[in-house]
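In: Generate coordinates for the sequence data below:
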Amino acid sequence: MLNPFSVLFYPKRNDIDKQEKIPLYVRISVAGKRSESYIQRRIEPSNWNSKAGKAFGATPNMRELNRYMDGIRSNLYKIHSRFIEKDVFFTAKDIRDVYTGRDEKVKMLVELFQEHNDELSRLVGTEYSAGTLQRYKTCKAHIENYLSKEYKRMDIPVKDVDHKFISGFEYYLKTQKKCSHNTATKYIINFKKIIRIAYANDWISKDPFVHWKANWKRLEREFLTQRELITLEKKTFTIDRLEQVKDIFLFCCYTGLAYADVEKLKADDILLGMDGRRWIKTRRKKTNTRSSIPLLPAAESILEKYEAHPLIKDTSIMLPVVSNQKSNAYLKEIATLCGITKNLTTHLARHTFATTVTLSNGVPIESVSKMLGHTSIKTTQHYAKVLDKKIGEDMEVLMERYTNL
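Out: Here you go, the predicted model:
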């Protein structure tokens, strides 16, 4: 639905000059909101026809003045049509500023987001990962859908983003896109970067995020216990796809590598360390940080098992890894067959390495952080908190036993 638009010329009768003439103004109205501008012309009050909004008379001066105003009206309608064609939000002031030449190029939100993503795409592989680019692309798509649904627009000026827009976007992500609280927060943080770019470049006068703060919900990270890990190790499958996925999962449990890093693991990533043992030394695909992991015997045996596998033979790839989607689907079958009630995923293996394999066996948290390739030890501390909770639960059982003596 188009907003009502009108153009009206009128004199300011209380501003009479020495020649007893009054200035003429044009008033632009959009959706009931007005903006006005002096048109650089004056007229004697008796020569103005208020009802018609034009000059009286057929003298050359009056005819020229009316043609001049007709030209202004025509230009204003053309500017209005251009805004309509772009399908962007605009005000009477925006039309006035374009006509008077006082407008700067209005930075549009989706346009700015796309510029950011284009720049980021050129840095994938050097400063950013493909996963980071994908998250920003997804966030931009969510912004576009939100604008279409809630604002009925394809784009809006970035200066129109306010706290209400941010809160509405967060609510939209949680209700319409069914995002969890933490997932929605991640998208808002991605969006926040775009707004901060606009603020740093003075395209907006204030930061609408000044009263918004990320609030994370603590999640319980699942992992396999030592008993579950042994159960999985001892289980042998006659179905090749299940046996293969089980072994890759166990390799992740004993190395802490994420699915994307196991998938790209090459012979060049395994080096002989100063201790005479073989180490995995690779950069994480997600963060590009360095991971240094000594190969445990269980991991070594899996590498040996698949060194002649037809899918990787004559390549530098170390393990035959199927897609993440298939892996997670097969892991659900494996869990059922092993009597494991936890939701097995490729990422749960990484949690298992952090808790059951390393921290539970006294490996210092600093070393675990280095092996996991975390950019901050705070990330690794989440696993330590999980272990503290487990210890507390175990001690609670002990307390009850001694209480009942």
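In: When you work out contacts or count neighbours from here on, use the C-alpha atoms and nothing else.
Out: Fine.
In: need the helices for the stretch 301-405 of the chain, in chain order.
Out: 324-338, 346-352, 365-372, 377-403 (DSSP state H, counting those that start in this stretch).
In: What residue spans form the domains of this protein?
Out: 5-100, 109-200, 226-399 (automatic domain parsing).
In: could those go into JSON lines alongside mean neighbour count and mean pLDDT?
Out: Output for these, formatted as JSON lines (neighbours: other C-alpha atoms under 10 Å; pLDDT from 0 to 100):
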{"stretch": "domain 5-100", "mean neighbour count": "15", "mean pLDDT": "89"}
{"stretch": "domain 109-200", "mean neighbour count": "16", "mean pLDDT": "93"}
{"stretch": "domain 226-399", "mean neighbour count": "17", "mean pLDDT": "88"}
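In: can you list these in JSON lines and add distance to residue 207?
Out: JSON lines is the format used below for the domains of the chain (distance: least, C-alpha to C-alpha, whole Å):
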{"stretch": "domain 5-100", "distance to residue 207": "20"}
{"stretch": "domain 109-200", "distance to residue 207": "6"}
{"stretch": "domain 226-399", "distance to residue 207": "28"}
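In: of all those domains, which lies closest to residue 214?
Out: Smallest distance to residue 214 across the domains of the chain (C-alpha to C-alpha): 6.4 Å, for domain 109-200.
In: Straight-line length of that closest one, end to end?
Out: 15 Å (C-alpha to C-alpha, to the nearest Å).
In: Please compute how far that domain lies from its chain's middle.
Out: In terms of C-alpha atoms, centre = their mean, to the nearest Å, the centre of domain 109-200 is set 5 Å apart from its chain centre.
In: residue boundaries of the helices in this structure?
Out: For the chain, helices defined by DSSP state H occupy the ranges 60-86, 92-100, 109-121, 130-146, 163-175, 181-200, 226-234, 240-255, 259-263, 297-305, 324-338, 346-352, 365-372, 377-403.
In: export those to TSV and tack on distance to residue 272?
Out: Listed next are the helices of the chain as TSV, based on distance: least, C-alpha to C-alpha, whole Å:
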stretch	distance to residue 272
helix 60-86	61
helix 92-100	66
helix 109-121	35
helix 130-146	30
helix 163-175	48
helix 181-200	39
helix 226-234	26
helix 240-255	16
helix 259-263	19
helix 297-305	13
helix 324-338	29
helix 346-352	23
helix 365-372	16
helix 377-403	26
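In: Can you give me the distance of the closest residue in space to residue 340 that isn't next to it in sequence to residue 329?
Out: Spatially, and ignoring its direct neighbours in sequence, residue 340 is nearest to residue 228 (7.1 Å; C-alpha to C-alpha, 6 or more residues apart in numbering). Using C-alpha to C-alpha, residue 228 is found at 19 Å from residue 329.
In: Just give the nearest non-adjacent residue to residue 215, would you?
Out: Per C-alpha to C-alpha, 6+ apart, closest to residue 215 is residue 185, 7.4 Å.
In: So that neighbour sits against residue 217, correct?
Out: No. Under the criterion of C-alpha atoms under 8 Å, residue 185 is not in contact with residue 217, lying 9.8 Å apart.
In: Looking at the protein, which residue reaches furthest from the middle?
Out: Largest separation from the mean C-alpha position in the chain: residue 59, at 64.1 Å (C-alpha atoms, centre = their mean).
In: which residues sit in contact with residue 270?
Out: By C-alpha atoms under 8 Å, 6 or more residues apart in numbering, residue 270 lies in contact with 278, 279, 280, 281.
In: how much space between the second one and residue 309?
Out: Spelled out, it's residue 279. Taking C-alpha to C-alpha, one finds residue 279 at 22 Å from residue 309.
In: Kindly report the same for the first one.
Out: To residue 309, residue 278 is 21 Å away according to C-alpha to C-alpha.
In: Likewise for residue 272?
Out: From residue 272 across to residue 309, the span is 23 Å (C-alpha to C-alpha).
In: just residue 19 next, same as before
Out: The value you get for residue 19 to residue 309, if C-alpha to C-alpha is used, is 99 Å.
In: Tabulate the helices of the stretch 301-405 of the chain (a markdown table), appending distance to residue 285.
Out: As requested, these are arranged in a markdown table below (distance: least, C-alpha to C-alpha, whole Å):
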| stretch | distance to residue 285 |
| --- | --- |
| helix 324-338 | 15 |
| helix 346-352 | 14 |
| helix 365-372 | 12 |
| helix 377-403 | 17 |
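In: Which of those helices sits closest to residue 287?
Out: Among the helices of the stretch 301-405 of the chain, helix 365-372 comes nearest to residue 287, with 11.0 Å by C-alpha to C-alpha.
In: Perfect, that will be all.
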